[in-house]
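**Q** Let's see this in three dimensions:
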Amino acid sequence: TKFKTKGLKVAGAKDWVKVSEGVYTRLIKLEVTGTEDGKLVLNATRSCDKEGGFGALSLIGEPVKE
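**A** Next up is the predicted model:
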(Lines give C-alpha, C1' and ligand atoms only; values in the text may rest on other atoms or scores of the structure.)
Protein backbone atom coordinates (compact mmCIF):
# COMPACT_ATOMS: atom_id res chain seq x y z
CA THR A 1 0.00 0.00 0.00
CA LYS A 2 1.35 3.40 -1.01
CA PHE A 3 0.37 6.54 0.88
CA LYS A 4 0.34 10.00 -0.69
CA THR A 5 -0.35 13.01 1.51
CA LYS A 6 -1.05 16.73 1.28
CA GLY A 7 -0.53 18.73 4.47
CA LEU A 8 0.15 15.50 6.41
CA LYS A 9 3.21 13.37 7.08
CA VAL A 10 3.16 9.65 7.93
CA ALA A 11 5.02 9.63 11.26
CA GLY A 12 4.72 5.88 11.87
CA ALA A 13 2.75 2.76 11.10
CA LYS A 14 2.00 -0.61 12.69
CA ASP A 15 2.03 -3.90 10.80
CA TRP A 16 -1.06 -5.13 8.98
CA VAL A 17 -3.37 -7.23 11.20
CA LYS A 18 -5.87 -9.77 9.84
CA VAL A 19 -9.25 -9.22 11.53
CA SER A 20 -11.27 -11.68 9.42
CA GLU A 21 -11.06 -13.50 6.09
CA GLY A 22 -10.00 -10.92 3.51
CA VAL A 23 -10.13 -8.02 6.00
CA TYR A 24 -6.95 -6.41 7.32
CA THR A 25 -6.34 -3.23 9.33
CA ARG A 26 -3.28 -1.05 9.83
CA LEU A 27 -2.85 1.81 12.25
CA ILE A 28 -0.91 4.80 10.96
CA LYS A 29 0.25 7.87 12.86
CA LEU A 30 -0.06 11.18 10.99
CA GLU A 31 1.58 14.52 11.70
CA VAL A 32 -0.23 17.63 10.45
CA THR A 33 2.19 19.85 8.53
CA GLY A 34 -0.56 22.09 7.13
CA THR A 35 -1.24 23.79 3.81
CA GLU A 36 -1.96 27.37 2.76
CA ASP A 37 -5.60 26.53 2.01
CA GLY A 38 -6.12 24.32 5.09
CA LYS A 39 -7.02 21.23 3.01
CA LEU A 40 -5.42 18.00 4.25
CA VAL A 41 -5.53 14.77 2.23
CA LEU A 42 -4.43 11.18 2.76
CA ASN A 43 -4.63 8.88 -0.28
CA ALA A 44 -3.94 5.15 -0.07
CA THR A 45 -3.42 3.01 -3.16
CA ARG A 46 -2.94 -0.74 -3.21
CA SER A 47 -1.76 -2.57 -6.31
CA CYS A 48 -2.14 -6.33 -6.29
CA ASP A 49 -2.54 -9.14 -8.84
CA LYS A 50 -5.60 -10.48 -6.99
CA GLU A 51 -7.30 -7.29 -5.80
CA GLY A 52 -6.20 -3.68 -5.50
CA GLY A 53 -7.92 -0.66 -4.09
CA PHE A 54 -7.93 3.05 -3.43
CA GLY A 55 -9.15 5.18 -0.56
CA ALA A 56 -8.99 8.86 0.36
CA LEU A 57 -9.50 10.88 3.52
CA SER A 58 -9.98 14.65 3.29
CA LEU A 59 -9.85 16.97 6.29
CA ILE A 60 -10.03 20.73 6.74
CA GLY A 61 -7.62 22.41 9.13
CA GLU A 62 -6.42 25.92 9.84
CA PRO A 63 -4.56 27.51 6.91
CA VAL A 64 -0.80 27.82 7.42
CA LYS A 65 0.92 30.96 6.18
CA GLU A 66 4.55 30.52 5.22
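**Q** my guess is residue 8 contacts residue 42, does it?
**A** Yes: between residue 8 and residue 42 there is a contact under CB atoms under 8 Å: 5.7 Å. From N, CA and C alone the C-beta is placed, and that goes for glycine too.
**Q** May I have the distance across stretch 15-22, first residue to last?
**A** End-to-end distance of stretch 15-22 (CA to CA, to the nearest Å): 16 Å.
**Q** Give me the contact list for it.
**A** By CB atoms under 8 Å, 6 or more residues apart in numbering, the list of residues contacting stretch 15-22 from outside reads 24, 25, 26.
**Q** Show the low-confidence segments of the protein, by residue range.
**A** Scanning the chain for pLDDT under 70 picks out 66.
**Q** Show me the strands in it, by range?
**A** For the chain, the strands defined by DSSP state E cover 2-6, 8-13, 17-20, 23-25, 28-32, 39-46, 53-60.
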